[in-house]
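> Attaching a predicted model along with its sequence, questions to come.
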Amino acid sequence: EPVSPPQLDKCGLSTYNTNKGVKMEVPCCPPSSETITKYKLPPVTQMKIRPAAQNLTPEYIYKYNKAIECMKQLQKDHPEDPRGFMQQANIHCAYCNGAYTYDTKPGKDPFTLQVHNSWLFFPFHRWYLYFYERILGELIGDPTFALPFWNWDNPKGMYIPEYFLDCRSALHDCKRNPDNLKAVVDLGFTGSKNPDQVVTNNLSIVYNEMVAANADAYGFMGKPYCQGSNEKESGPGSVERGSHTAVHVFVGDPREPAGEDLGNFYSAGRDPLFFCHHSNVDRMWTLWQYYLPSDQIPDKRITSRDFLEASFLFYNEKAELVRVTVEDCLDNRSMGYDFEQCDLPWLDYRP
Ligand code: C2O
């Protein structure tokens, strides 16, 4: 059975563990709504192009900052508006920290939804960013607004983009590791202080995750996860397990009780950098689907109904609750956006 959309009126507390192993509870549920409509992708009139974060013009940075500022303001003025900053952050917390539990047959354990560590990882985050981007566009009255991607797979982009560090900016977040604010991102958790070595290591890691390590589509996408699945049977794909998680850990603040913000699922969405990071994760999926031929994986498509019909709920840019399916998010261009083309220096890092 494909994962079915959560019942918002049964949403419960989310939980997470601190670094000291203390279990914490936190409310992350979205407002519920009487009506849920099946989301239909709007016709694409103009392709939005997500730019590499290190290439933004001052005007673009201004607009991006403005959009996040509006989202924060919306939260202050209307805390219940699902498009506000905290509400958007809490989507991640609810889908990843156990807020959505489903009743199962008597005698069976209840099923708790977790969108990480499986083939749901790319589709869930794609939809999450899709609506987040549209909401930002709506808030600044610019429907062409496209979310930049943190190009951490390219030496030119292997730092936190500097406009995230300006403490006057809406893009700033104080819960980040102070030692890493200007360091080369360390995709291999090496802890090395030699930047050249980290860069080289990063490139071979990306090559490996994108090309070499995957024997089949599940190696990249993650293992199957269905309604009632036991989390222990699923498993993450190469990018989710590796570079993606490394970036979370790299930015999260080790002085905080649970690695906040980026270092923990429940708080990750509170750092605007999360979405810029995931925009690149999303780009990695597109590159893998369309740009990297592979002899090892002649067919990259997963055709199981359990995958294609899995569905989630989101609030769209008009604050309407909609149901979306995995099937409808497999092609980014039909969703109306694409990525700025950049070189892929890691392609030369075949071991
Ligand atoms: Cu939902 Cu990068 O995690």
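Nice, thanks for sending it over. Residues are numbered from 1 along each chain as shown.

> got the residue ranges for the strands in the stretch 51-200 of the chain?
Along the stretch 51-200 of the chain, counting by DSSP state E, counting those that start in this stretch, strands occupy 101-102, 111-112.

> Note down every partner strand of the first one and its orientation.
Translated: strand 101-102. Sheet pairing here is set by DSSP bridges, and for strand 101-102 it gives strand 111-112 (antiparallel).

> pLDDT of the partner strand, averaged?
In this model, strand 111-112 has an average pLDDT of 92.

> Looking at the strands of the stretch 51-200 of the chain, which is nearest to the ligand?
Of all the strands of the stretch 51-200 of the chain, it is strand 111-112 that lies closest to the ligand, at 15.5 Å by C-beta to the nearest ligand atom. In short, each C-beta sits where N, CA and C put it, glycine included.

> Give me the residues contacting the closest one.
With contact meaning C-beta atoms under 8 Å, 6 or more residues apart in numbering, strand 111-112 is reached by Gly98, Tyr100, Thr101, Tyr102, Thr104, Gln227, Gly228, Ser229.

> which of these count as buried?
Buried members of those, scored by 16 or more other C-beta atoms under 10 Å, are Gly98, Tyr100, Thr101, Ser229.

> Pipe the strands of the stretch 51-200 of the chain into a markdown table and attach distance to Lys318 per row.
Below are these laid out as a markdown table (distance: least, C-beta to C-beta, whole Å):
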| stretch | distance to Lys318 |
| --- | --- |
| strand 101-102 | 28 |
| strand 111-112 | 30 |
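
> what's the burial count for the nearest residue to Lys63 once chain neighbours are set aside?
Leaving aside its sequence neighbours, Lys63 sits nearest to Ile140 (C-beta to C-beta, 6 or more residues apart in numbering; 6.4 Å). Neighbours of Ile140 under the rule other C-beta atoms under 10 Å: 16.

> who's the residue nearest to Ser33 when sequence neighbours are not counted bridged to?
Among residues not flanking Ser33 along the chain, Leu321 sits closest, at 4.1 Å (C-beta to C-beta, 6+ apart). Beta-bridge pairing of Leu321 under DSSP bridges involves Tyr315.

> I'd say Leu321 and Tyr315 touch.
Yes - using C-beta atoms under 8 Å, Leu321 is in contact with Tyr315, at 5.7 Å.

> what residues are shared contacts of those two?
Ser33, Pro82.

> Point out the residues in the stretch 101-250 of the chain that sit beside the ligand.
Proximity of the stretch 101-250 of the chain to the ligand, by C-beta under 6 Å from any ligand atom, involves residues His116, His125, His244, His248.

> if we can go back for a sec, among the contacts of strand 111-112, which one sits closest to Asp81?
Looking at the contacts of strand 111-112 and their distance to Asp81, the nearest is Tyr100, at 21.0 Å (C-beta to C-beta).

> who touches that closest one in this structure?
Tyr100 neighbours (C-beta under 8 Å, 6+ apart): Pro6, Gln7, Lys10, Cys11, Gly12, Ala94, Thr112, Leu113.

> I'd like to know how far it sits from Cys342.
Remark: distance between Tyr100 and Cys342 (C-beta to C-beta, to the nearest Å) = 37 Å.

> before we move on, what about Leu308?
30 Å.

> ditto for Gln87
Distance of Gln87 to Cys342, computed by C-beta to C-beta: 33 Å.

> Do a quick rundown of the helices in the stretch 1-150 of the chain.
All helices of the stretch 1-150 of the chain, identified by DSSP state H, counting those that start in this stretch, fall at 58-77, 85-96, 121-139.

> Can you get me a residue count around Ala212?
15.

> Numbering from 762 from now on, please.
Sounds good: first residue 762 from here, last item Ala973.

> so it makes contact with Tyr1110?
No - because the distance of 9.5 Å does not satisfy C-beta under 8 Å, Ala973 is recorded as not touching Tyr1110.

> ok, which pair from the residues of the stretch 862-1011 of the chain next to the ligand is furthest apart?
Taking C-beta to C-beta, no two of these sit farther apart than His886 and His1009, at 12.3 Å.

> Tell me which stretches of the stretch 1012-1112 of the chain form strands.
Using DSSP E, counting those that start in this stretch, the strands found in the stretch 1012-1112 of the chain span residues 1072-1076, 1082-1086, 1098-1100.

> Buried deepest among those strands, which one?
Across those, averaging neighbours per residue (mean count of other C-beta atoms under 10 Å) puts strand 1072-1076 on top, at a mean of 22.

> nearest to Arg1016, of the helices of the stretch 762-911 of the chain?
Nearest of the helices of the stretch 762-911 of the chain to Arg1016, taken as C-beta to C-beta: helix 846-857 at 20.1 Å.

> what angle separates the closest one from helix 882-900?
Compare the direction of helix 846-857 with that of helix 882-900 by axes from the mean of the first three to the mean of the last three C-alpha atoms, to 10 degrees and you get 170 degrees.

> mean confidence score for helix 846-857?
Mean predicted lDDT for helix 846-857 stands at 97.

> re earlier: between His886 and His1009, which has more neighbouring residues?
His886 (25 against 18).

> Which pLDDT value goes with the closest residue to that one other than its chain neighbours?
For His886, ignoring the flanking residues on the chain, the nearest one in space by C-beta to C-beta, 6+ apart is His1039 at 5.2 Å. Per-residue confidence (pLDDT) for His1039: 98.
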